[in-house]
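> What follows is a predicted structure for the sequence shown.
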Amino acid sequence: MHIQEGHDFCAKRGHAPHIFAFETLPGGWRVMAMEFIDSAIQITSSRGLGTHKLRWASELKQLANEFHEEGLVHGDLRDANMISGDKYILMLVDFDWGGKDGQVFYPTPT
């Protein structure tokens, strides 16, 4: 499953919550149970933004480069899908549009 592959790639590097279970439901819906990040904040919130902004930008750039070197794409890389946990490390979520470069597309071709 491509979605899980991208998520696992980031989770192994500490940049996504760990997945406990993943299932595709009728109608194409997907459900995922993942690690709860108790102190998660969106990186665009005012809490800690100034202090950690440069580090998050650097972490995101490095992670995106490694992700793309593996032939993976996130598909929805925007601030709503970037959080930070208790150690203020950038984490990505919402890999619904992610997968192998050239095999997944947004918007979905009709």
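Done, it's in. Residues are numbered from 1 along each chain as shown.
> CA only for contacts and neighbour counts going forward, please
OK.
> what helices or strands is the helix or strand in which Ser58 is found leaning on?
Secondary structure assigned from DSSP states H and E places Ser58 in helix 49-69. When contacts are defined as 3 or more CA pairs under 8 Å, 6 or more residues apart in numbering; DSSP states H and E, helix 49-69 sits against helix 2-12, strand 90-92.
> Looking at these, which one is packed in the most?
strand 90-92 (a mean of 25; mean count of other CA atoms under 10 Å).
> name the helices or strands packed onto that strand?
helix 49-69, strand 82-84.
> out of those, nearest to Cys10?
Using CA to CA as the measure, helix 49-69 is the one of these that comes nearest Cys10, at 7.7 Å.
> for that closest one, what is the average pLDDT?
Averaged across helix 49-69, the pLDDT comes to 87.
> And it, how far out from the chain middle?
12 Å (CA atoms, centre = their mean, to the nearest Å).
> just to revisit the earlier point, right, so the helices and strands packed on strand 90-92: which one is the most enclosed?
Mean neighbours per residue, mean count of other CA under 10 Å, is largest over these for strand 82-84, with a mean of 22.
> sorry, back to before: quick check: which of the helices and strands packed on helix 49-69 is nearest to His74?
In terms of CA to CA, the element of these nearest to His74 is helix 2-12, at 7.1 Å.
> Tell me which other helices or strands the closest one touches.
Using 3+ CA pairs under 8 Å, 6+ apart, helix 2-12 is in contact with strand 19-24, helix 49-69, strand 99-100.
> possible to save those as JSON lines with distance to Met34?
As requested, those are exported to JSON lines (distance: least, CA to CA, whole Å):
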{"stretch": "strand 19-24", "distance to Met34": "4"}
{"stretch": "helix 49-69", "distance to Met34": "20"}
{"stretch": "strand 99-100", "distance to Met34": "18"}
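> Looking at these, spot the one closest to Val31.
strand 19-24 (5.5 Å).
> could you check the angle helix 2-12 makes with that closest one?
Calculated by axes from the mean of the first three to the mean of the last three CA atoms, to 10 degrees, strand 19-24 forms an angle of 170 degrees with helix 2-12.
> lowest confidence element among the helices and strands of this structure?
strand 41-42 (a mean of 74; mean pLDDT, DSSP states H and E).
> now the residue nearest the centre of the chain: how far from Gly98?
Nearest residue to the geometric centre of the chain (CA atoms, centre = their mean): Leu92, 2.7 Å. The gap separating Leu92 from Gly98 is 12 Å, by CA to CA, to the nearest Å.
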